[in-house]
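> Sequence and predicted structure are below.
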Amino acid sequence: GESVGLHLPTLSVQEGDNSIINCAYSNSASDYFIWYKQESGKGPQFIIDIRSNMDKRQGQRVTVLLNKTVKHLSLQIAATQPGDSAVYFCAEILHSRLTFGEGTQLTVNP
Amino acid sequence: KAGVTQTPRYLIKTRGQQVTLSCSPISGHRSVSWYQQTPGQGLQFLFEYFSETQRNKGNFPGRFSGRQFSNSRSEMNVSTLELGDSALYLCASKLGTASQETQYFGPGTRLLVL
């Protein structure tokens, strides 16, 4: 079936570098996307969202880019910090429910 | 404002038993959704409740059921537990039924079936 997936299962960066986490989705009808961060032993934490009528949205140190032409979503984290180490999930609203991708484990090296 | 709370946080059961998990949403939130998270299948939607009514249901067997009370608290029940039911069960709440509302997750209940 259709699903949201992530290109890389792991990403390792140096502290202070910028991180880019990618996501491909398959349902062109999806109109709302969310990025969640999940730390070990915790539930997913909302980071940022974007609607399909936008192609970019910025938050504090994070930016989400949406390319509807190629059905691609990315999360950019500026000046990555050790506290950013976690699993990152993209999710889309599909059939009125959240459908999650597989997740990318981000590791920040000091 | 307190976040979503789930009890218990950890649970060990044996095959064939049943289990009930509880979720208290953020104050004022009336929609509660449940998800199962496993290493192999990732995060999968179980069901959503709003105003004590199930609005949406995922592709899980009938052994998985839920309900919502008038104060928006929700419970999910799994009967005749199987080893494969070992997972982190997450509850999420949001204000209403609009699809583009942010869902806020609780810490989860980690269930181990032996």
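Cool, the structure landed.

> Show me where chain B dips below the pLDDT cut-off.
Low-confidence segments of chain B, defined by pLDDT under 70: B:1.

> Residues of it that sit close to chain A?
Proximity of chain B to chain A, by C-beta under 8 Å from any C-beta of the partner chain, involves residues B:4, B:33, B:35, B:42-45, B:48, B:55-56, B:58, B:90, B:92, B:99-100, B:102-108. (C-beta placed from N, C-alpha, C; glycine too.)

> Now intersect those with the strands, please.
The strands, defined by DSSP state E, take in B:33, B:35, B:42-45, B:48, B:55-56, B:90, B:92, B:104-105 from the residues of chain B next to chain A.

> Buried only: go through those for me.
Those of those that meet the buried threshold are B:33, B:35, B:42-45, B:48, B:56, B:90, B:92, B:104-105, by 16 or more other C-beta atoms under 10 Å in any protein chain shown.

> which pair in those spans the largest distance?
B:Gly42 and B:Tyr104 (19.3 Å; C-beta to C-beta).

> which other helices and strands contact the helix or strand hosting B:Leu112?
Element membership for B:Leu112 (DSSP states H and E) is strand B:109-113. Judged by 3 or more C-beta pairs under 8 Å, 6 or more residues apart in numbering or on different chains; DSSP states H and E, strand B:109-113 is in contact with strand B:10-13, strand B:19-24, strand B:87-94.

> would you list these in JSON lines and tack on distance to A:Val108?
Shown next, in JSON lines, are the helices and strands packed on strand B:109-113 (distance: least, C-beta to C-beta, whole Å):
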{"stretch": "strand B:10-13", "distance to A:Val108": "28"}
{"stretch": "strand B:19-24", "distance to A:Val108": "32"}
{"stretch": "strand B:87-94", "distance to A:Val108": "23"}
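
> And these: which comes nearest A:Glu15?
Nearest to A:Glu15, of all the helices and strands packed on strand B:109-113, is strand B:87-94, at 28.6 Å by C-beta to C-beta.

> Lovely, talk soon.
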